[in-house]
Every structure is written in C-alpha cells, then in structure tokens.
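S.K.: no sequence on this one, just coordinates:
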C-alpha cells in the first residue's frame, strides 16, 4: 500500500479539501479518495478550469479567447469564432496570425490577399501585391521570393480565394531581393551603386 501522497491538479486539490471528514483515513488507506478525485478531475475538469479561470490580464476565459494563450487543441474552435477555418496544412503560428487578422473580415482587400499568401511562406515571408498590373485595372500580380513557398499550389489557391470577383491574378517568384526592398535599404542611386558593384549583386541582395 502506497503512503506517497498522489500529485493531482488544482481542481482535484480543491475538491479534496471540501471532502472534510471523509478524508480523515485516506492517507492510512493509501489515498483511495484522493486518487479517485484526481483521476476524475484531472481527466475531465482541470483543462476546463485552466481555460475559464481568470487570467491576470484578460480576465475570465482569457486563456481560450486569446490566440497567443489558447492551447493548440482549442485553436480550431477559436478560429471559427472569428469566421476563419483552422488550416492543418500550415503551421500553428500561421494559423494564429490568421486568427488575429481574420482575412474573411477584409476579403477582397490587398491586406487579405497578402495575409493569405504569407501563411504559406517561410523565411522572410516576402510578398508584394502589384495592383493594376500591366496597366489593367482588372489584373494583379503576386510576387514572392524563390524558395520561400514550399507549397506553391496551396499558396495560390489561398490567394485566389481572397481576390474580388472579376480580378485576374498572376503569380511570379524572384531570386534575391525585390526592387522595393533595395529602394528601402538604399535611399539613393549613389548608395545603391556603392553597395552593389554589379547588377547580379543588386538582384541577389
């Protein structure tokens, strides 16, 4: 017969303390009551208590209503609260980002397309959306960097799902840095020329 006190969760401990006189002989008998309460509470109640108890910053239910605090198993539920679908094809971090900025609320906007694309990118997650591509108000171009998109088909499908009806969307991937990145890093032509002695060096960043 074991005399070592079982380790149980906070809910089980609270319930055990409420048993009062019923627990007087529990240690002598090998802790059958505490084991029973622990088995029930730790299996069915502790997770719920962890989720609904007051959070020091967010109050009651804070641990499940905030995507940074919610456990992984609760994220699909939280996703549907804001009108998005948890996507098992992308990482948990990418899903959390989508929950924080639900693309469905801005469907058809440049932000929603960029957010959808970034969910499938790795590395720098660089994406540039060019509206009125080739001077056509009904064409857009999505530009990413080579090697940053492990699943191109899935990324393109996600972007197309966000575009407005009637818009024609094209995709391209470039090696190295984009012109917009170079322009941000090197404010003047002289600075760019000094930083990149050749066109290849400028393209590769």
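M.R.: It's in. In this text, all values refer to a predicted model and were calculated from it rather than measured experimentally.
S.K.: Tell me if I'm right that residue 84 and residue 99 touch.
M.R.: Yes. Counting by Cβ atoms under 8 Å, residue 99 is a contact partner of residue 84 at 6.4 Å. Placement of C-beta: from N, CA and C, glycine included.
S.K.: of these two, who's got more company?
M.R.: residue 99 (22 against 18; other Cβ atoms under 10 Å).
S.K.: Against residue 58, how distant is the most centrally placed residue in the chain?
M.R.: For the chain, the residue nearest the mean C-alpha position is residue 96 (2.0 Å; Cα atoms, centre = their mean). The gap separating residue 96 from residue 58 is 15 Å, by Cβ to Cβ, to the nearest Å.
S.K.: so where do the helices sit in the protein?
M.R.: Using DSSP state H, the helices found in the chain span residues 10-18, 32-44, 46-52, 62-65, 75-81, 92-100, 110-118, 152-160, 179-185, 189-195, 199-204.
S.K.: now the ones you listed as TSV including distance to residue 128 and mean pLDDT?
M.R.: Shown next, in TSV, are the helices of the chain (distance: least, Cβ to Cβ, whole Å; pLDDT from 0 to 100):
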stretch	distance to residue 128	mean pLDDT
helix 10-18	50	91
helix 32-44	50	92
helix 46-52	40	83
helix 62-65	34	80
helix 75-81	27	91
helix 92-100	18	87
helix 110-118	8	91
helix 152-160	12	94
helix 179-185	6	69
helix 189-195	18	73
helix 199-204	15	59
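S.K.: quick one: which of these is nearest residue 129?
M.R.: Each of the helices of the chain has some distance to residue 129 by Cβ to Cβ; the shortest is helix 110-118, at 5.1 Å.
S.K.: want to throw the helices of the chain into JSON lines with distance to residue 142?
M.R.: Formatted as JSON lines, the helices of the chain follow (distance: least, Cβ to Cβ, whole Å):
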{"stretch": "helix 10-18", "distance to residue 142": "49"}
{"stretch": "helix 32-44", "distance to residue 142": "47"}
{"stretch": "helix 46-52", "distance to residue 142": "38"}
{"stretch": "helix 62-65", "distance to residue 142": "33"}
{"stretch": "helix 75-81", "distance to residue 142": "24"}
{"stretch": "helix 92-100", "distance to residue 142": "17"}
{"stretch": "helix 110-118", "distance to residue 142": "6"}
{"stretch": "helix 152-160", "distance to residue 142": "6"}
{"stretch": "helix 179-185", "distance to residue 142": "14"}
{"stretch": "helix 189-195", "distance to residue 142": "25"}
{"stretch": "helix 199-204", "distance to residue 142": "19"}
